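Asker: what would the 3D arrangement of this be:
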Amino acid sequence: MLRASESKLEEVAALNEALASRSEWSATWWSYSASLRTFELVIGEPDGDANIVVVLSNCTELSGPTSWSKQHIRAEFLQIDNLWSFKLIDSSVGFVAHSNMLAWRRNFDLVARGSLVFSSSAKHANESPNNVA
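Answerer: Here you go, the predicted model:
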């Protein structure tokens with residue numbers, strides 16, 4: 001059985017593989033909730049035909065441009081003792097996002113559903129994030 005940290009590493013590796021295969025796509029901040037410190041980023045187009053949606057909750061750091069072409073984002077999993085955190089970094093544009101919860105999904109229609117996290121349809125089993133770290 002995998003330890004939780006090994007599972008997190010696998011999820012981050014899968015996200016990095018997906019991001020690397022889409023390096024010609026743009027990245028755009030889709031939403032941010034100040035009260036919940038929840039950040040949503042879309043790679044590609046928001047209509048869900050071909051995209052990656054990444055959500056970071058309880059963000060402790062968020063900086064950089066709000067939209068850029070040809071993303072080169074990489075995800076990192078950090079663990080100090082029993083505390084986990086995640087970073088999204090695109091050093092080509094100075095983008096950094098840091099939080100302790102990460103979820104992502106391919107081909108999610110943000111235009112129709114509004115949000116991966118806050119959409120009521122996202123609560124159905126067939127629409128929930130399939131990758132949660």
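Asker: so where's the chain uncertain?
Answerer: For the chain, the stretches with pLDDT under 70 are 1-4, 119-133.
Asker: distance of residue 117 from residue 107?
Answerer: Note on residue 117: its distance to residue 107, by C-beta to C-beta, to the nearest Å, is 17 Å. No exception for glycine: its C-beta is placed from N, CA and C like everyone else's.
Asker: which one of the two is surrounded by more residues?
Answerer: residue 117 (19 against 12; other C-beta atoms under 10 Å).
Asker: which stretches of this structure form strands?
Answerer: 27-33, 38-44, 51-57, 61-63, 67-68, 74-80, 83-90, 95-99, 101-106, 131-132 (DSSP state E).
Asker: surely residue 69 is in contact with residue 28?
Answerer: No: using C-beta atoms under 8 Å, residue 69 is not in contact with residue 28, being 9.9 Å away.
Asker: what about those two, which has more around it?
Answerer: The residue with more neighbours, out of residue 69 and residue 28, is residue 28; 20 against 10, by other C-beta under 10 Å.
Asker: how deep is the residue nearest to residue 20 when sequence neighbours are not counted tucked in, by neighbour count?
Answerer: Spatial nearest neighbour of residue 20, chain neighbours left out: residue 74 (7.9 Å); criterion: C-beta to C-beta, 6 or more residues apart in numbering. When neighbours are counted by other C-beta under 10 Å, residue 74 registers 15.
Asker: so how far is residue 12 from residue 74?
Answerer: From residue 74 to residue 12 the distance is 9 Å (C-beta to C-beta).
Asker: at the geometric centre of this protein, which residue do we find?
Answerer: residue 54 (2.0 Å; C-alpha atoms, centre = their mean).
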